[in-house]
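Novice: after the sequence you'll find the predicted model.
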Amino acid sequence: MRALVTGGGGFLGKALCQALVSRGVTVRSLSRGSYPELTAIGVECVQGDLADHAVVSASVAGCDVVFHVAAKAGVWGPYAEYHRANVLGTENVIAACRQHGVQQLIYTSSPSVVYSGHDEAGIDESTPYPEHYLTNYPKTKAIAERAVLAANSPTLATVSLRPHLIWGPGDNHLLPRLIERAKAGCLRRVGQGNNRVDTTYIDNAVSAHLAAWDQLQLQAACAGRAYFIANDEPWPLWDLINRMLACADVPPVSRTISPSLAYGIGAILEGAYRLLGRSDEPPMTRFVARQLATDHWYDLSASKRDLGYAPAVSVEEGLRRLRDWLEHG
């Protein structure tokens, strides 16, 4: 078998490449950067832009399955940049799969595609897409997810996975930002901190993608559907954040700010950054304020039933592994 992983140099993409190689799969990665560590384990690395149809087509050629993991993430930035990477890039992947007769496309989405700014407590996949989004990442990911699901056909089986807040050893996005802001004294609890959030340990995110591949066939039960993925262990958000910080020997966050004040500050900062034409991310946005103050946990019955998904690494075990990685590398 030959698999293409878009975004193979990222946190999830790299772990997925490693797992596929361990399965004996021939792996190709399409990324914007150069990743010698992937080449070292036998991954064929292609450097290019998802928005370039010719590059995507050449990368898909000869593959049996495509894991479309790459995306432009974040909570700030021009819509055109997010659309180029997340929408146009996904359209190119779908077109290339059709062009080269690939029968399996696993897309990495996000629960934020259905986030309306309110509590998500035990929601399932029947939750509709909201009419409005507070930032461009979930807006463009939702457009891309719809395109992937609509592309499911008698000749191309597609599935969309929505892992929530992937973390663990090797994390180069979520954890470093938390640690940096905590050390700088910039983190505040938004609200009382009792809102529950279900996250996804990296090994569980990888196993979900492999489980989806194992089950995804033409006309399969999971074909053309989206699935929430998480650890199935909702934690009070700030308890979990402080446990992660403790793994890096960083003091816990104890200062609080009200959700309404955080939202107001986010709105003001967004306006100021737009006025000044700044491209860097504001320290607070409306989306982040809402995310930090609301519940985010999901009914995983569908992914367990249709994919056979079973999160094997608990949060406690994940934290133990995280501390060991931070201490010893």
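Specialist: Received it, and whenever you're ready, just let me know what you need.

Novice: go through this protein and flag its longest helix.
Specialist: Across the chain, the longest stretch assigned as helix under DSSP state H is helix 259-276.

Novice: and it, what does it pack against?
Specialist: helix 286-293 (3 or more CB pairs under 8 Å, 6 or more residues apart in numbering; DSSP states H and E). Just so you know, the C-beta spots here come from the backbone N, C-alpha and C atoms, and that holds for glycine as well.

Novice: average pLDDT across the next helix-or-strand element following the helix it packs on?
Specialist: Following helix 286-293 in sequence order, the next helix or strand is strand 296-298 (DSSP states H and E). Strand 296-298 shows a mean pLDDT of 97.

Novice: report the secondary structure state of residue 319.
Specialist: helix (DSSP: H, G, I helix; E, B strand; the rest coil).

Novice: my read: residue 76 touches residue 278, true?
Specialist: No - Residue 76 lies out of contact with residue 278 (CB atoms under 8 Å); the separation is 9.1 Å.

Novice: the longest helix of the chain: which residues count as buried?
Specialist: Of all the residues in helix 259-276, those buried under the rule 16 or more other CB atoms under 10 Å are 259, 262, 263, 265, 266, 269, 270, 273.

Novice: the second one and residue 311, how far apart?
Specialist: Residue 262 sits 31 Å away from residue 311 when distances are taken as CB to CB, to the nearest Å.

Novice: quick one on the thing from earlier: need the max-distance pair from the buried residues of helix 259-276.
Specialist: Greatest spacing in the buried residues of helix 259-276, by CB to CB: 259 and 273 (20.9 Å).

Novice: about what we covered before: looking at residue 76 and residue 278, which has the bigger crowd around it?
Specialist: residue 76 (19 against 12; other CB atoms under 10 Å).

Novice: just the element for the more buried one, please.
Specialist: Counting by DSSP H and E, residue 76 is part of no helix or strand.

Novice: correct me, but residue 114 touches residue 131?
Specialist: No - Residue 114 lies out of contact with residue 131 (CB under 8 Å); the separation is 11.5 Å.

Novice: related to what we said a few turns ago, and the angle from the longest helix of the chain to helix 286-293?
Specialist: For helix 259-276 against helix 286-293, the angle between stretch directions is 160 degrees (axes from the mean of the first three to the mean of the last three CA atoms, to 10 degrees).

Novice: so what touches helix 259-276?
Specialist: 76, 188, 190-191, 280, 282-290, 292-293 (CB atoms under 8 Å, 6 or more residues apart in numbering).

Novice: looking only at pLDDT, what's the mean for it?
Specialist: Helix 259-276 comes out at a mean pLDDT of 94.

Novice: so where do the strands sit in the stretch 51-200 of the chain?
Specialist: 65-68, 104-108, 120-123, 157-163, 166-167, 189-190, 196-197, 200-201 (DSSP state E, counting those that start in this stretch).

Novice: those into TSV, with extra columns for mean neighbour count and distance to residue 236?
Specialist: TSV is the format used below for the strands of the stretch 51-200 of the chain (neighbours: other CB atoms under 10 Å; distance: least, CB to CB, whole Å):
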stretch	mean neighbour count	distance to residue 236
strand 65-68	26	33
strand 104-108	27	27
strand 120-123	17	13
strand 157-163	25	20
strand 166-167	24	16
strand 189-190	23	10
strand 196-197	21	6
strand 200-201	28	17
